[in-house]
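Asks: Sharing a model that was predicted from the sequence below.
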Amino acid sequence: MSGKRVPTILGPTAVGKSAVAFRLARALGGEIVVADSRQVYRRLEIATNKPSAEERAAVRYHCLDLVDPENSFNVFEFVQAAAGALQQIERPILEGGTNLYVDALLDGLSLGGVPPRPERRRELELLPVQTLAGLVRDLDPEIAIDFRNPVRLVRAIEVLEVTGPPWSRLRTRRPTAWDGVRIGLDLPREMLDERIRARCLRQLERGLVEETRAALEAGVAPGSQALSGTGYAETVAHLQGRVSREELPELMTRNNRRLARRQLTWLKRDARIRWFSAVADPLPDILRYLHG
């Protein structure tokens, strides 16, 4: 594979990807492209775990704050933005957060690359076929699909709501110009669970409830894409009176732990990832691996 070798930091939420990517960028004199479907939104800082002002002053970051949270954003828009950044950066580091975004950028995206969305699928399966067909046409007026087949219609909606149109570009994978050197960070389950809980508590202490309230008051819809991620979704439920303040940290912790399990399931299927323990500082071993 030709093109730039791009160290790509992967792992479950709260494992320490951001810190390792930052220190790796400092060590290599590089810049970071963030592949995260939540950090693309402006004005949402806390539950998206964006880098601090001090980190941004020390290392240049790309693909942060691309759109207002009132708007939607899809994986193909990310690929366009990230590809443009990678072409300009001499020593890029790709920091994973959304595994679908990483795979789409480095491998291209196929229909099979979009994972099932069980909750959305259950909602769609209750709708008549005529309604499903109308939703599909709204998402992609040019789509060629069997409009009498509810299973295919549900899958088309499930995919297009993530990727955006057109459906036709999902049929084959495209070659990539970048050689993603995939580096995975791992922790024992108990340690990762404790890190997740501690981070959820810090997010609340930093003002997550106030940040979410401000977004809602500014006109961001409670069910918007921007507020659907872990942390914000639970906080919206709290502000709507469906979750108490006492229940909020436990709910956030539980849902983030479930997210971490799903992320690990996704990553462990990829034999190209070289895993490093994050119990101790993994950076020296990562640098030896990259230079070896």
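Replies: Received the coordinates, thanks. Numbers count the residues shown, from 1 in each chain.
Asks: domains for this structure, by residue range?
Replies: For the chain, the structural domains run 4-109+173-291, 115-170, going by automatic domain parsing.
Asks: Point out the most buried one among those.
Replies: Ranked by mean neighbour count, those are led by domain 4-109+173-291 with a mean of 18 (mean count of other Cβ atoms under 10 Å). (Glycine included, C-beta is placed from N, CA and C.)
Asks: now that one, how far from the centre of its chain.
Replies: Relative to its chain's centre, domain 4-109+173-291 lies at 6 Å (Cα atoms, centre = their mean, to the nearest Å).
Asks: re earlier: show me the least confident stretch of the domains of the chain, going by mean pLDDT.
Replies: Sorting the domains of the chain by mean pLDDT places domain 115-170 lowest, at a mean of 85.
Asks: quick one: Pro165 and Ala156, what's the gap?
Replies: Using Cβ to Cβ, to the nearest Å, Pro165 is found at 10 Å from Ala156.
Asks: Likewise for Val15?
Replies: Distance, Val15 to Ala156, by Cβ to Cβ: 34 Å.
Asks: again with Arg23
Replies: According to Cβ to Cβ, Arg23 stands 42 Å off from Ala156.
Asks: ditto for Val114
Replies: Plainly put, Val114 is 11 Å away from Ala156 if you go by Cβ to Cβ.
Asks: Validate this expectation: Phe276 resides in a strand.
Replies: Yes. Assignment of Phe276 by DSSP: H, G, I helix; E, B strand; the rest coil places it within a strand.
Asks: was I right about it contacting Asp285?
Replies: Yes. With contact defined as Cβ atoms under 8 Å, Phe276 counts as touching Asp285 (5.6 Å).
Asks: which residue sits closest to the residue nearest the centre of the chain, ignoring its sequence neighbours?
Replies: Taking Cα atoms, centre = their mean as the criterion, Thr98 is the residue nearest the geometric centre of the chain, at 2.4 Å. Spatial nearest neighbour of Thr98, excluding adjacent residues (Cβ to Cβ, 6 or more residues apart in numbering): Ser37 at 4.2 Å.
Asks: Can you say which helix or strand has the one you found in it?
Replies: Using DSSP states H and E, Ser37 sits in no helix or strand.
Asks: What of Ile183?
Replies: Assigned by DSSP H and E, Ile183 falls within strand 178-186.
Asks: The following helix or strand past that strand versus strand 178-186: what angle between them?
Replies: Downstream of strand 178-186, the next assigned helix or strand under DSSP H and E is helix 189-206. Relative orientation of helix 189-206 and strand 178-186, computed by axes from the mean of the first three to the mean of the last three Cα atoms, to 10 degrees: 100 degrees.
Asks: contacting residues around helix 189-206?
Replies: 12-16, 46-47, 49, 187, 231, 248-249, 252-253, 256-257, 260, 279 (Cβ atoms under 8 Å, 6 or more residues apart in numbering).
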